[in-house]
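K.L.:
Based on what follows, work out the 3D shape:
(one chain, ligands or ions: 1)
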Amino acid sequence: MKKLIICALMLAAGTAGYAQQALFGGASVKSPEINADKTVTFRFVAPKAVTVQVTGDFLPTQKVKMGNFEMDVPGKADLVEKNGVWEYTTPTPVAPEMYTYSFVVDGQNMTDPSNVYMNRDVATVSNLLYVDGNETIDLYKVQDVPHGTVSKIWYHSAAENKDRRLTVYTPAGYETSGKKYPVLYLLHGIGGDEEAWYTQGRSTQILDNLIAAGKATPMIVVMTNGNLAMEAAPGEGSEGLTVPSMGLPKTMEGSFEAAFPEIVNFVDKTFRTQANKKGRAIAGLSMGGFHSCNISREYPTMFNYVGLFSAALGVTDPSISPIYQNADEKLNVQFNAKNRPALYYIAIGDTDFLYKANTEYRAKLDQLGYPYTYLETDGGHIWRNWRKYLADFAPKIFK
Ligand code: FER
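P.N.:
Okay, here's the model as predicted:
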């Protein structure tokens with residue numbers, strides 16, 4: 001009888017998931033399962049579903065036309081049903097990487113209820129899949145090394161008359177060393193926010209691991225929010241639980257670039273920084289690469305290291321902001337003998353929809369005799385590449 005009562009209580013607790021701690025939940029199947037041969041099995045319980053598919057960046061990509069661009073999107077694979085459980089095992093081992101995936105159930109994208117590890121990228125939630133086995137994936141994992149500290153810190157933007165949030169990484173030992181550190185400003189893409197590099201970008205793990213291995217100089221990393229219409233990432237500002245979206249009004253119209261010095265001033269006042277050009281780097285992905293290009297050109301004495309990762313170059317009409325005007329003259333000042341950055345770094349994947357724009361920009365730098373370092377990888381406009389670029393760029397700065 002006592003057992004029956006406990007069982008009944010557990011059942012009630014398990015279904016009444018809102019009023020209390022979810023003590024009795026959990027998955028009824030294992031998914032994903034990484035098999036001994038490094039194939040991966042996905043499972044989903046849905047006795048009444050008609051089709052179940054899995055989609056994710058571990059699958060070969062498909063080309064899809066979006067506006068003027070041809071984009072690579074993750075492919076899909078069909079799960080097969082047996083006794084109400086749908087299942088798919090990859091035909092070959094999955095290469096070591098950090099992947100994201102989701103299910104498509106009767107045409108609707110949804111997360112895997114058996115996998116608690118999730119990630120939001122702009123407006124899409126997906127599950128995480130880690131496949132171990134090489135140095136790249138090791139760099140993205142929390143290792144048994146000294147760890148830095150991550151702060152969610154608010155600065156006052158006089159330009160926007162509001163408080164805005166930054167994610168700031170200080171390296172292991174910062175609290176007690178008394179030393180001054182160089183600063184890398186690390187910028188996200190369109191629709192992203194100050195959490196993007198911290199979550200799927202794995203920036204803090206990459207920095208912890210590179211610094212511990214002696215490959216990168218201990219540095220502060222400041223991850224900004226590049227949309228001035230927002231105070232902070234969705235759900236983290238006084239706007240409340242807003243619906244994330246792309247193309248917000250103050251993203252690629254010059255005001256973020258124009259107001260960037262107020263962030264640098266705040267960081268120099270708040271943290272022990274090497275507050276000069278030699279101690280500053282700026283890098284970003286896609287829209288953040290566009291911002292890094294514009295900010296470093298507008299303020300040519302501010303940054304000694306510039307990283308353009310899959311940068312969205314040449315996509316904005318110069319007439320909308322003075323920031324985008326007289327770009328050639330400003331670039332000439334940025335690259336004169338006094339200001340020339342110690343490193344101007346460009347990286348892109350060979351199937352990125354921005355490949356052509358980057359090739360044209362490099363041709364222009366070549367023609368003008370402005371030196372840069374170039375990394376070309378395979379693949380498109382994806383986080384797998386941006387993590388790689390950060391891991392390649394960080395050891396090259398502050399040397
Ligand atoms: C565009 C191409 C790319 C554009 C923005 C981007 C506003 C940014 C992409 C990203 O940040 O991922 O034409 O126009």
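
K.L.:
Tell me who's in contact with the residue nearest to Phe69 when sequence neighbours are not counted.
P.N.:
Take Phe69 and drop its neighbours on the chain: the residue closest to it by Cβ to Cβ, 6 or more residues apart in numbering is Phe353, 3.9 Å away. Any C-beta I mention is one placed from the backbone N, CA and C, and that applies to glycine too. Contact analysis of Phe353 by Cβ atoms under 8 Å, 6 or more residues apart in numbering lists 69-72, 380-381.

K.L.:
ok, Phe353 to Asn68 distance?
P.N.:
Counting by Cβ to Cβ, to the nearest Å, the gap from Phe353 to Asn68 is 9 Å.

K.L.:
quick one on the thing from earlier: of the contacts of Phe353, select the buried ones using a PyMOL command.
P.N.:
In PyMOL, a selection of the buried entries from the contacts of Phe353 looks like this (16 or more other Cβ atoms under 10 Å):
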select buried, resi 71+72+380+381
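
K.L.:
how many other residues sit next to the nearest residue to Pro322 once chain neighbours are set aside?
P.N.:
Residue nearest to Pro322 in three dimensions, not counting chain neighbours: Gly254, with 7.0 Å by Cβ to Cβ, 6+ apart. By other Cβ atoms under 10 Å, the residues close to Gly254 number 18.

K.L.:
so what's the backbone phi/psi at Gly254?
P.N.:
For Gly254, the backbone dihedrals (degrees, to the nearest 10) come out as phi 100, psi -20.

K.L.:
State the distance from it to Val50.
P.N.:
Gly254 is 49 Å from Val50, by Cβ to Cβ.

K.L.:
got the residues of this protein near the ligand?
P.N.:
189-190, 252, 286-287, 312, 315 (Cβ under 6 Å from any ligand atom).

K.L.:
which two from those residues end up farthest apart in space?
P.N.:
Maximum pairwise distance in the residues of the chain next to the ligand, criterion Cβ to Cβ, is 12.2 Å, between Gly189 and Val315.

K.L.:
In the chain, what helix or strand scores lowest on average pLDDT?
P.N.:
helix 2-15 (a mean of 50; mean pLDDT, DSSP states H and E).

K.L.:
that older thread, type out the ChimeraX command that picks the buried ones from the residues of the chain next to the ligand.
P.N.:
Buried residues within the residues of the chain next to the ligand, by 16+ other Cβ under 10 Å, are selected in ChimeraX with:
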select :189,190,252,286,287,312
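
K.L.:
Make JSON lines out of the residues of the chain next to the ligand and add secondary structure.
P.N.:
Shown next, in JSON lines, are those (DSSP: H, G, I helix; E, B strand; the rest coil):
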{"residue": "Gly189", "secondary structure": "coil"}
{"residue": "Ile190", "secondary structure": "coil"}
{"residue": "Met252", "secondary structure": "coil"}
{"residue": "Ser286", "secondary structure": "coil"}
{"residue": "Met287", "secondary structure": "helix"}
{"residue": "Ala312", "secondary structure": "coil"}
{"residue": "Val315", "secondary structure": "coil"}
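
K.L.:
With distance to Leu166 and pLDDT as added columns, please give the residues of the chain next to the ligand in CSV.
P.N.:
CSV is the format used below for those (distance: Cβ to Cβ, whole Å; pLDDT from 0 to 100):
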residue, distance to Leu166, pLDDT
Gly189, 17, 97
Ile190, 19, 95
Met252, 20, 95
Ser286, 19, 98
Met287, 17, 97
Ala312, 22, 98
Val315, 25, 90
